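In: Give me coordinates for this.
(one chain, ligands or ions: 2)
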Amino acid sequence: MKKVTEFKGRLFEGPIWVKDTLYFVDILNGEIHSLKENEHKVVKFDTYVSSIQPREKGGLIATAGKGFYVVEGNSVSLLYEVKDWDSRTRFNDGKCDPVGRYWVGTMDLEEREPIGGLFVLDKNLNFRKVLDNVTISNGLAWSLDNKKFYYIDSPTKKVFVFDYDAGKGEISNRKTLIDLSSYPGVPDGMTIDSEGMLWVALYGGGRVLRLTEGRILQEIKVPASHVTSVTFGDSDLKTLYITTANDEENGGYIYAERVDVKGVETYFCEF
Ligand code: BGC
Ligand code: CA
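Out: Ligands and ions are numbered 1, 2, ... in the order given. Below you'll find the predicted structure:
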């Protein structure tokens, strides 16, 4: 496994690959990082930045503090601010769905109580809650046929699957796809490959799992135990980029591993 960065972050998370650039956030340091070959850039916020996604009209959308921001180069502007914010929570993983809405979860800052949720910002900037009783909202992915939604609330140690209505942006009929309680750590970030299999980072488990309903297909060991998220990148989408947290000597770096299967392109937000 290759170490991609020489610099360390506190909580590297939410990697995405867009065209020729790897983007990721440092949630706790409030930073968006981009790496294009050897060019490294950072956009600083004065609050947590929990996720980023590419935007149809150019630049990125970021979830940070209590809202959604448009990021173009170094310029940051507020797109939508959430009213009635629960100050015991913060934003965590977020992603755009196949039709360009932004899905983002929240988590208990103390990581104990189910006081978080999963929310959607629709294209007309209507903000709504789609799921309640979440403790640490984490990985999100949509099946390749756009009929299923995969979701992780870390302390449950499960990956859930819902029916997904792409037209309405609604989810229903929650089931357990797989129970990971026999593994160390908790499931965190997640992505899907071009064969429809999920890749799940194990935070505290030092590995990434490739899996499907009830079955582990592959395990990739990572030199750091706090593995936070994964995405596919490079021109063939066959490099797995892995983010980690800085809780140990080998943590807080980005790692990369070549794999046999291709990822799928990141969806763009339509705002
Ligand atoms: C959160 C961390 C949390 C970890 C494990 C991450 O997505 O940002 O704060 O400790 O998940 O649940
Ligand atoms: Ca995460």
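In: neighbours around residue 224, how many?
Out: Residue 224 has 22 neighbours, counted by other C-beta atoms under 10 Å. From N, CA and C alone the C-beta is placed, and that goes for glycine too.
In: for it, what are its contacts?
Out: By C-beta atoms under 8 Å, 6 or more residues apart in numbering, the residues touching residue 224 are 206, 244, 245, 248, 250, 251, 252, 253, 255.
In: Residue 35 contacts residue 18, doesn't it?
Out: No. The criterion here is C-beta atoms under 8 Å, and residue 35 misses it with residue 18 at 11.5 Å.
In: Filter the contacts of residue 224 down to the ones in strands?
Out: In strands, defined here by DSSP state E, the members of those are 244, 255.
In: who wins for most neighbours among the contacts of residue 224?
Out: Ranking the contacts of residue 224 using other C-beta under 10 Å puts residue 244 first, with 29 neighbours.
In: confidence score at the nearest residue to residue 242 once chain neighbours are set aside?
Out: In this structure, residue 242 finds its nearest non-sequential neighbour in residue 255, 4.4 Å apart by C-beta to C-beta, 6 or more residues apart in numbering. Note for residue 255: predicted pLDDT of 98.
In: Who are the contact partners of residue 20?
Out: Residue 20 is in contact with 36, 37, 235, counting by C-beta under 8 Å, 6+ apart.
In: Recalculate using a threshold of 6 Å.
Out: Residue 20 sits next to residue 36 when contact means C-beta atoms under 6 Å, 6 or more residues apart in numbering.
In: That one and ligand 1: what is the separation?
Out: Distance, residue 20 to ligand 1, by C-beta to the nearest ligand atom, to the nearest Å: 26 Å.
In: any idea which element residue 208 lies in?
Out: In this assignment (DSSP states H and E), residue 208 forms part of strand 207-212.
In: on that earlier part again, could you dump the contacts of residue 224 into CSV with distance to residue 54 added?
Out: Output for those, formatted as CSV (distance: C-beta to C-beta, whole Å):
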residue, distance to residue 54
206, 30
244, 23
245, 24
248, 31
250, 30
251, 27
252, 25
253, 24
255, 22
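In: got the residues of this structure near ligand 1?
Out: With C-beta under 6 Å from any ligand atom as the criterion, the chain meets ligand 1 at residues 11, 13, 27, 92-93, 111, 136, 138, 154, 186, 188, 203, 228.
In: one more time with 8 Å
Out: Contact residues (C-beta under 8 Å from any ligand atom) of the chain with ligand 1: 11, 13, 27, 50, 92-93, 107, 111, 136, 138, 154-155, 186, 188-189, 203-204, 226, 228-229, 245.
In: Of the residues you listed, grab the buried ones for ChimeraX.
Out: Filtering these down to the buried ones (16 or more other C-beta atoms under 10 Å) takes a single ChimeraX command:
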select :11,13,27,50,92,93,107,136,138,154,155,186,188,189,203,226,228,229,245
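In: Show me the subset of the residues of the chain next to ligand 1 that also lies near ligand 2.
Out: Contacts with ligand 2 within the residues of the chain next to ligand 1, counted by C-beta under 5 Å from the ion: 93, 138, 188, 189.
In: biggest separation within the residues you listed, which pair?
Out: Farthest-apart pair in these is 93 and 188; separation 8.0 Å (C-beta to C-beta).
In: Can you work out which residues contact both of those two?
Out: Residues touching both residue 93 and residue 188 (C-beta under 6 Å, 6+ apart): residue 138.
In: follow-up on the earlier one: which residues do residue 35 and residue 18 both contact?
Out: Common contacts of residue 35 and residue 18 (C-beta under 6 Å, 6+ apart): none found.
In: what sits against residue 90?
Out: Counting by C-beta under 6 Å, 6+ apart, residue 90 makes contact with 48, 109.
In: Alpha carbons only: can I get the helix or strand where it lies in PDB?
Out: For residue 90, the host element (DSSP H and E) is strand 89-96. Provided in PDB are the C-alpha atoms of strand 89-96 (Å, rounded to 0.1, in the frame of the first residue of the first chain):
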ATOM      1  CA  THR A  89     -24.700  17.400  16.900                       C
ATOM      2  CA  ARG A  90     -22.500  18.100  13.900                       C
ATOM      3  CA  PHE A  91     -22.700  17.200  10.200                       C
ATOM      4  CA  ASN A  92     -20.800  14.000   9.100                       C
ATOM      5  CA  ASP A  93     -20.600  12.100   5.800                       C
ATOM      6  CA  GLY A  94     -22.600  13.500   2.900                       C
ATOM      7  CA  LYS A  95     -23.100  12.600  -0.800                       C
ATOM      8  CA  CYS A  96     -25.100  13.600  -3.800                       C
END
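In: No further questions, thank you.
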